[in-house]
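> Kindly return the folded structure for what I paste below:
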Amino acid sequence: MAAARGGAPTPDAAGVRRGPHRSSYRTPHRRRAFAALLLAASTAASAGCGLSGGYGGGLSYGDPGGRPDSHTPFPVGLLLDTSGTNGSDGADARDGFELYVSQHGGRLGGRPAQVTVANEGPTPAATATTMQGLVAAGAQTVVGPIDYAGYESVAPLADAAHVPLIGVVARPDLTDISYVWNVAFLSTEPGAAIAPFIYNHVKSPVFAIGGNYPGDWEQVRGFVDSYTALGGKLANTAGQPTFTPAATFTPANDTTDFTPYLQAIKDSGAKAVYCAFTGAEAVRFVQQYARSEVKDVPLYAVGLVTDGPLLKQEGPAATNITSVLNYSPDVDTAANRAFVSAWAAGHDGQEPSVYALTGYDAAALLDQAVAQAGPNAGAAAVNTAIAALGRIDSPRGAWQLASTTHAPIQKWYLRRVQVDGTAPANVEIEELATLPD
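Purely as a prediction, here's the structure:
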């Protein structure tokens, strides 16, 4: 998910290649079905069946376990960037959380949800300060942050304060996760999930490239380690992945011209490319790739490269990019159709991003944990309840927390950008293997 910037990586090897386009893939008629869902949601809202908080339509999953309501509020802090570099991602996570709460009568675990939204700030130090403020104000759980480096700065604070921290973006490796949980994934997992598919469908060598900051290092490393372990070869010079200069909290310093890197891909003889970029860099890379001499070299990516508002900015240039992620709005289940419809009704017909999904699932996780902890339970009891949770039903499909990593054991989806109706969309191609705990 959103990645922190800065530092110099310790290069790992990486390589990728992309399989042929399959004409037998499902014909995308999802936009028409999506429009029908939106119409139904709007009709329900106008009939007085809509959700509170500005969301029309949607599905309430009821009160888990038929628990009685409590009058004791449950204070939770949302530590999210909603106006800065990762503002659109943070806003989606916030809105996803609030959508779930609104569908459940403004309650979590039968207790009135007392939600405080705090902007995490532009640096890890600022994020830590904001986290301390939320805990001092009485938050019994904190959800966030969006920034990768910020995650590393606040995790120790959660452990020290004995207040659960529920992450909604890709998580780095951490030493102590006693009070640290995650509803998204570990940073290395997307690459590990797609590596066997690429190895089986594409012949080496593959060129691996990403932004020069921690989140992308890890996302590239996950692919590299898995792909080379299978016997795949890299096209990069000296068999090491390429990392493009990126900003240290200064977006103006990001790579704007990818021409030298695109030329290196051509010169390498790569049969495919695997990439991991964030934000504006992802948009620039995708658009320049589509205009380059290597535009016909298949391009694979971490799903964040083409997710949510980035895909809208990339436009037709993203067509045929194959990506891996733990969610797609195309997942064909009743729970996902209801979620997509409810989200669209409150967001001008837009489809939800993966950040909207993880915000929603963070609330679902808390809903179950608070109910199990009891009507007057505090942070420590809620943390114990989170550890004891089993299956979480989600629009992405059922998942559960791994006891070793405190991150989801979940399905992974292979997605391809196709024109679905009138606009590009991430269309689910197939499910990939679930990674072991």
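> make it CA atoms for all contacts and neighbour counts henceforth
OK.
> Please name the spatially closest residue to D437 (chain neighbours excluded).
Excluding the flanking residues, the one nearest D437 by Cα to Cα, 6 or more residues apart in numbering is A402, at 6.0 Å.
> Tell me how far P260 lies from T242.
Per Cα to Cα, to the nearest Å, P260 is found 11 Å from T242.
> quick one: which of these two has more around it?
T242 (24 against 9; other Cα atoms under 10 Å).
> ranges for the helices of the protein?
Taking DSSP state H as the criterion, the chain carries its helices at 30-44, 87-103, 124-136, 148-161, 189-201, 214-229, 259-268, 279-291, 309-314, 334-346, 354-373, 379-388.
> Determine how far the longest one lies from the middle of the whole chain.
Spelled out, it's helix 354-373. Mean C-alpha position of helix 354-373 versus that of the full chain (Cα atoms, centre = their mean, to the nearest Å) differs by 15 Å.
> go on, the third one?
Averaging C-alpha positions (Cα atoms, centre = their mean) puts helix 124-136 23 Å from its chain's average.
> Next: the shortest one.
Helix 309-314 has its C-alpha centroid displaced from the chain centroid by 15 Å (Cα atoms, centre = their mean).
> Output the helices of the chain in JSON lines, with distance to E431 and mean pLDDT appended to each entry.
Listed next are those as JSON lines, based on distance: least, Cα to Cα, whole Å; pLDDT from 0 to 100:
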{"stretch": "helix 30-44", "distance to E431": "18", "mean pLDDT": "39"}
{"stretch": "helix 87-103", "distance to E431": "24", "mean pLDDT": "96"}
{"stretch": "helix 124-136", "distance to E431": "35", "mean pLDDT": "96"}
{"stretch": "helix 148-161", "distance to E431": "27", "mean pLDDT": "92"}
{"stretch": "helix 189-201", "distance to E431": "10", "mean pLDDT": "96"}
{"stretch": "helix 214-229", "distance to E431": "17", "mean pLDDT": "95"}
{"stretch": "helix 259-268", "distance to E431": "29", "mean pLDDT": "98"}
{"stretch": "helix 279-291", "distance to E431": "24", "mean pLDDT": "95"}
{"stretch": "helix 309-314", "distance to E431": "21", "mean pLDDT": "93"}
{"stretch": "helix 334-346", "distance to E431": "15", "mean pLDDT": "96"}
{"stretch": "helix 354-373", "distance to E431": "16", "mean pLDDT": "97"}
{"stretch": "helix 379-388", "distance to E431": "27", "mean pLDDT": "98"}
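> Output stretch 377-388 as CSV - backbone C-alpha positions only.
Output of stretch 377-388 as CSV, limited to C-alpha atoms (Å, rounded to 0.1, in the frame of the first residue of the first chain):
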residue,chain,number,x,y,z
ALA,A,377,-13.8,-3.9,28.0
GLY,A,378,-10.7,-1.8,27.5
ALA,A,379,-7.9,-1.9,25.1
ALA,A,380,-6.0,-4.9,26.5
ALA,A,381,-9.2,-7.1,26.6
VAL,A,382,-10.0,-6.1,23.0
ASN,A,383,-6.5,-7.0,22.0
THR,A,384,-6.9,-10.4,23.6
ALA,A,385,-10.2,-10.8,21.7
ILE,A,386,-8.6,-9.9,18.4
ALA,A,387,-6.1,-12.7,18.9
ALA,A,388,-8.9,-15.2,19.5
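> Give me the contact list for that stretch.
Stretch 377-388 is contacted from outside by 140-141, 162-164, 179, 365-366, 369-370, 372-373, 401, 403, using Cα atoms under 8 Å, 6 or more residues apart in numbering.
> Tell me the buried residues in it?
Using 16 or more other Cα atoms under 10 Å as the burial criterion, the residues of stretch 377-388 that qualify are 378-387.
> cool, and stretch 325-340?
325-331, 335-340.
> can you give me the end-to-end distance of it?
So stretch 325-340: terminal residues 17 Å apart, Cα to Cα.
> Quick one: distance of it to the chain centre.
Centre-to-centre, stretch 325-340 and its host chain are 14 Å apart (Cα atoms, centre = their mean).
> which residues touch it?
Counting by Cα under 8 Å, 6+ apart, 30, 34, 37, 58-59, 184, 190, 302-304, 351-354, 357, 394-396, 410-415, 426-428 sit against stretch 325-340.
> Weed out the non-buried ones from those residues.
Among the contacts of stretch 325-340, those classed as buried by 16+ other Cα under 10 Å are 30, 34, 37, 58-59, 184, 190, 302-304, 351-354, 357, 394-396, 410-415, 426-428.
> Now, the residues you listed that are in strands?
In this view, the buried ones among the contacts of stretch 325-340 that belong to strands under DSSP state E are 302, 412-415, 426-428.
> Measure how buried L262 is and give me the count.
If you count neighbours by other Cα under 10 Å, L262 ends up with 18.
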